[in-house]
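Participant: no sequence on this one, just coordinates:
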């Protein structure tokens, strides 16, 4: 609790002193947020990175089932995504619904985040559990030209994967066009 409070206050020196004194870097609060989760939610990305470098487990989920990679992707925090990758975090870690960081950046229409995750080796053809949608399906649905272009620029992009409705991304785009 003390470490979570220090993180919220934003004093990296106090945070690191508490860590050096043995404060639990992976301890969860009432929302199952680790101090690193709190750092991202509080707008303290440098503290989140410092905690991971100090041994915090970036793969732990909060109560919403999101790891630090998911939270950084949802927030569009590219420096944190890069730092998490440098520290060995899995860019393809999934939520219970099968969402990856790439699904989050595409859902936010974050072309730069999508490009970065592809560069970092994110698997672009992973499908969501229920809808079976890929990142490309989502980019089409969100009408995110930047994300569509980033995904299609990868030679690994499989444009023929079907969602649960039996549609590939092109067929999904045609269906959206008819609804307009």
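Facilitator: Done, it's in. Please read these numbers as outputs of a predicted model, since none were measured by experiment.
Participant: list the buried residues of the longest helix seen in the chain.
Facilitator: In the chain, assigned by DSSP state H, the helix with the most residues is helix 169-179. If you call a residue buried by 16 or more other Cβ atoms under 10 Å, then helix 169-179 has these buried ones: 169, 172-173. Yep, even glycine has a C-beta here, placed from its N, CA and C like the rest.
Participant: kindly reformat the residues you listed as CSV containing pLDDT.
Facilitator: Compiled in CSV, those are given as follows (pLDDT from 0 to 100):
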residue, pLDDT
169, 92
172, 81
173, 81
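Participant: distance from the chain centre to the helix or strand hosting residue 5, please.
Facilitator: If you go by DSSP states H and E, residue 5 is part of helix 2-9. Distance of helix 2-9 from the chain centroid (Cα atoms, centre = their mean, to the nearest Å) equals 23 Å.
Participant: can you check stretch 20-31 too?
Facilitator: When distances are taken as Cα atoms, centre = their mean, stretch 20-31 is centred 22 Å away from the chain's centroid.
Participant: contact partners for residue 147?
Facilitator: The contact partners of residue 147, by Cβ atoms under 8 Å, 6 or more residues apart in numbering, come to 105-106, 109-111, 114, 135, 138-139.
Participant: with residue 129 instead?
Facilitator: Contacts of residue 129 (Cβ under 8 Å, 6+ apart): 96-98.
Participant: tell me the pLDDT of the most centrally placed residue in the chain.
Facilitator: Nearest to the geometric centre of the chain sits residue 70, at 2.5 Å (Cα atoms, centre = their mean). In this model, residue 70 is scored at 95, pLDDT.
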